[in-house]
Structures are given as structure tokens and as C-alpha cells.
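**Q** Prediction below, plus the sequence it came from.
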Amino acid sequence: RQAEFAKLRDVPAVTKDGQRITLLTNAGLAVDLENLDATGAEGIGLFRTEFQFMVSEELPRLDSQTALYKLVLDTAGDRPVTFRTLDIGGDKVLPYLETEREENPALGRRAIRLGLDRPALLRLQIRALLAAGAGRELRVMFPMIATVDEYRAARELVDHECDWARRRGRALPAMLRVGAMIECPSLLWHLDALLPLTDFVSIGSNDLFQYMFAADRTNPLVADRYDPLSPPALRALAEIQKKCADTGTPVSVCGELAGRPLEAFALLTLGFTRLSAPAGGVGPVKRMILSSDLTAARRGMTALLGSSSASVRGELETLARKLNV
Ligand code: PEP
Ligand code: MG
């Protein structure tokens, strides 16, 4: 299998009916960077910046944050990298950062909420990202955005930091793209307000479905109780895809979903063309892409979206098999 995937490394991800798919990978530490060449991923669709903070014994300083982001961009070269700002809180705790005990940490002050409540932390990170991205393309996105105002406030911090750097005569990124992760169901009903303010969005399906189904993704008693291959989950994804297409907003999916062939097949039939998968998923998903005919699959998917079942996994497997995927 591994040898088979290695052969696909340099093959462009194009479906049988000629749809070009951008297949990226997720990363979080310097060691993950070797996965770019090893898998043939076209870039990093999700760089989880909190990993550096989690493996560190103290808050990483500006220079060590900048050094890591530079290394990532240098290694990626022409391949795009999307940095996700600190996503701590919830199940990701930092021993050196004092935080209050919370009854429901997954619903608590995590990710962008912490960043906005402690702007010094987020501003330092943005400063490091801007410094690392000087003279080249920099893509930054915010996790766990639940309201348009949170996105606006986070983006304002970026603008402030740009002004700060400009006043000091520092070089800025040649191109800066700022986006939001769609992980909170609330945004689904405010995409019309959010999308015009973003340069791109990325769907964090791990969190989005945790909150849609009210099922803690870290709790084995319920984590696998609900199937993302269900009409409500797929319809939510279809809705986001459609709104993004209508407004011309680039959208990707970067949750674990994007790294599983059958799930990724469902995403493609819904119209997504940009996936960011864990490294181990890149080869299997590439193989699925190469054998897929989306024109034929779309008709089958439309019928599945209308099903009353809690899971259409079986039907989707049958569809994929019928189409030789
Ligand atoms: C997600 O929630 O799907 C996601 C990509 O972010 P993380 O898994 O890091 O929470
Ligand atoms: Mg998430």
C-alpha cells in the first residue's frame, strides 16, 4: 500500500471527469514538514500553531515563534501554508498558562476566545507570523469563531500589527490572506455576513460536528455515536459549500474527515475542491480522487441528502463501489 501511494506522489489530483482537486496536508511541528515531500501534498492547509506551545516548557517567545513559522514557509517554498492561530483551551492545556477551571472546557474559553480575552498573547503570535511572512504570501486563520464580531476583532488585531510593523519600517507579507475556521454551527446562519469579510474559510469538521451533535469528540462513550456521513452533517457542508461558491470565497475542509477516502469522496460530490488531510490520509485520498467520476456521483449524493437515516455510509459505499471508486 505504502509503495502504491508513493507512486501517486507526483501525480496531479484530477478526477476521472477532469476535476482538479487541491490536496493539502495538516501539520503542527517542524518534524511534520517532511510529510510535504513524502506525501506529495500541495501545501499545508492547516498548520496547528499550538503544538509548539504544547511541547514547550514556557511560553514560546517572539523569536522562537518567528523561527518556526519561517522554517515552515522556507520548507514549503511555493506551496501554500495556512497558519491557524493558537487553539488552546478545551482539551489542550498549557501548564505554564494560568487558566480558570471550567466545567465544560470544550464549550469554554478556548481558541479565539482566549486570544481575544488575552490579546497580548494573540498579538505576539500575529507579530511573529507577519515577521516570518515578510516579502511572501502569508495565510492566517482563526479557530472557533462563533460570531462575525469575533472575526472582525481578530482581524483588527492583524491590522493593528501590520500598522505597528509598517511604522517601524519592517517588511510586510507581499500578500496577506486572513480567514476563519467554520467550527461553530452558529456561523452557518451568518455566512452571508461573514464571508464578505474573509479571504477564505476552512471547515474544521471535528469541532463542527462535535457541536452540531452535542457529542464530545474526546469522549469515547459518545464520540463515535454520530456519523458525519449523515444527512444533517452533509447538508450543513453542502450549505457552506454553496454559500462559498455563490460569494466566490475559497473554502477547504481540514478536519479528519478530509483524510478518509469515503468521507472525502462525499466532500467532492458536494462540490468541495480543496481538502487538507492528515499525512496518512493523503495517499489514500489521492487514489480515491483519481478513480472518481464526480458527475456520476453527484446524482447519487442528491438522493442521499434527502434520506431520513442517521447514516448514509452504507449507501455511499454502494455508490462508490458502483462507480468503481
Ligand atoms: C477541526 O476541529 O476539525 C480542526 C481541524 O481543528 P482541530 O482538530 O485542531 O480542533
Ligand atoms: Mg477544531
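**A** Good, I have the coordinates. Residues are numbered from 1 along each chain as shown. Ligands and ions are numbered 1, 2, ... in the order given.
**Q** Now do the closest residue to ligand 2 within the stretch 1-150 of the chain: how many residues are near it, please.
**A** Closest contact between the stretch 1-150 of the chain and ligand 2, by CB to the ion, is at residue 143 (5.7 Å). (C-beta placed from N, C-alpha, C; glycine too.) Number of residues near residue 143 (other CB atoms under 10 Å) recorded here: 28.
**Q** Surely it touches residue 203?
**A** No: contact between residue 143 and residue 203 fails when scored by CB atoms under 8 Å: they sit 11.8 Å apart.
**Q** Identify the contacts common to these two.
**A** Residues touching both residue 143 and residue 203 (CB atoms under 8 Å, 6 or more residues apart in numbering): 181, 183.
**Q** Packing partners of the lengthiest helix in the chain?
**A** Across the chain, the helix with the greatest residue count (assigned by DSSP state H) is helix 148-167. The helices and strands touching helix 148-167, judged by 3 or more CB pairs under 8 Å, 6 or more residues apart in numbering; DSSP states H and E, are helix 112-117, helix 119-132, strand 137-142, strand 175-182, helix 191-194.
**Q** Just say which of these is most tucked in.
**A** strand 137-142 (a mean of 24; mean count of other CB atoms under 10 Å).
**Q** what's next to that one, contact-wise?
**A** Contacts of strand 137-142 (CB under 8 Å, 6+ apart): 73, 80-85, 111-112, 115, 126, 129-130, 132, 150-151, 154, 158, 173-181, 199-202.
**Q** Any idea how many residues pack against the residue lying closest to residue 238 once chain neighbours are set aside?
**A** Leaving out its chain neighbours, the residue that sits closest to residue 238 by CB to CB, 6 or more residues apart in numbering is residue 270, at 4.9 Å. By the other CB under 10 Å criterion, the neighbourhood of residue 270 contains 22 residues.
**Q** What separation is there between residue 270 and ligand 1?
**A** Computed with CB to the nearest ligand atom, to the nearest Å, the distance linking residue 270 and ligand 1 is 16 Å.
**Q** May I see the helices and strands packed on helix 148-167 arranged in CSV, with distance to residue 303 and mean pLDDT as well?
**A** As requested, those are arranged in CSV below (distance: least, CB to CB, whole Å; pLDDT from 0 to 100):
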stretch, distance to residue 303, mean pLDDT
helix 112-117, 38, 96
helix 119-132, 44, 97
strand 137-142, 34, 98
strand 175-182, 26, 98
helix 191-194, 25, 98
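**Q** Any regions of the stretch 51-200 of the chain where pLDDT drops low?
**A** Applying pLDDT under 70 to the stretch 51-200 of the chain flags no residue at all.
**Q** Enumerate every residue touching the residue of the stretch 1-150 of the chain closest to ligand 2.
**A** So residue 143 contacts 84, 85, 86, 87, 111, 112, 181, 183, 204 (CB under 8 Å, 6+ apart).
**Q** Can you pull the phi/psi pair for it?
**A** With angles defined as degrees, to the nearest 10, residue 143 sits at phi -90, psi 150.
**Q** sec struct for residue 252, please.
**A** strand (DSSP: H, G, I helix; E, B strand; the rest coil).
**Q** just checking, it touches residue 205?
**A** No: Residue 252 lies out of contact with residue 205 (CB under 8 Å); the separation is 10.8 Å.
**Q** what touches both of the two?
**A** residue 258.
**Q** Just the element for the nearest residue to residue 1 once chain neighbours are set aside, please.
**A** Distance criterion CB to CB, 6+ apart; nearest residue to residue 1, sequence neighbours excluded, is residue 283 at 7.9 Å. Using DSSP states H and E, residue 283 sits within helix 279-290.
**Q** hmm, who's touching that helix?
**A** 1-2, 4-6, 8-9, 11, 13-16, 21, 23, 25-27, 32, 35, 38-41, 256, 258-262, 264-265, 268, 275, 277, 325.
**Q** What subset of those is buried?
**A** Taking 16 or more other CB atoms under 10 Å as the criterion, what is buried in those is 5, 8, 13, 15-16, 21, 23, 25-27, 32, 35, 39-41, 256, 258-262, 264-265, 268, 275, 277, 325.
**Q** and ligand 2, which of those reach it?
**A** Applying CB under 5 Å from the ion to the buried ones among the contacts of helix 279-290, one finds that nothing falls near ligand 2.
**Q** For this protein, what lies in contact range of ligand 2?
**A** Residues of the chain lying near ligand 2 (CB under 5 Å from the ion): 183, 204, 207.
**Q** what sits against the first one?
**A** Under the criterion of CB under 8 Å, 6+ apart, the contact list for residue 183 reads 143, 144, 145, 203, 204, 206, 207, 208, 211.
**Q** Distance to residue 100 and secondary structure for these - can I get that in JSON lines?
**A** Below are those laid out as JSON lines (distance: CB to CB, whole Å; DSSP: H, G, I helix; E, B strand; the rest coil):
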{"residue": "143", "distance to residue 100": "20", "secondary structure": "coil"}
{"residue": "144", "distance to residue 100": "17", "secondary structure": "coil"}
{"residue": "145", "distance to residue 100": "22", "secondary structure": "coil"}
{"residue": "203", "distance to residue 100": "30", "secondary structure": "strand"}
{"residue": "204", "distance to residue 100": "24", "secondary structure": "coil"}
{"residue": "206", "distance to residue 100": "24", "secondary structure": "helix"}
{"residue": "207", "distance to residue 100": "21", "secondary structure": "helix"}
{"residue": "208", "distance to residue 100": "26", "secondary structure": "helix"}
{"residue": "211", "distance to residue 100": "21", "secondary structure": "helix"}
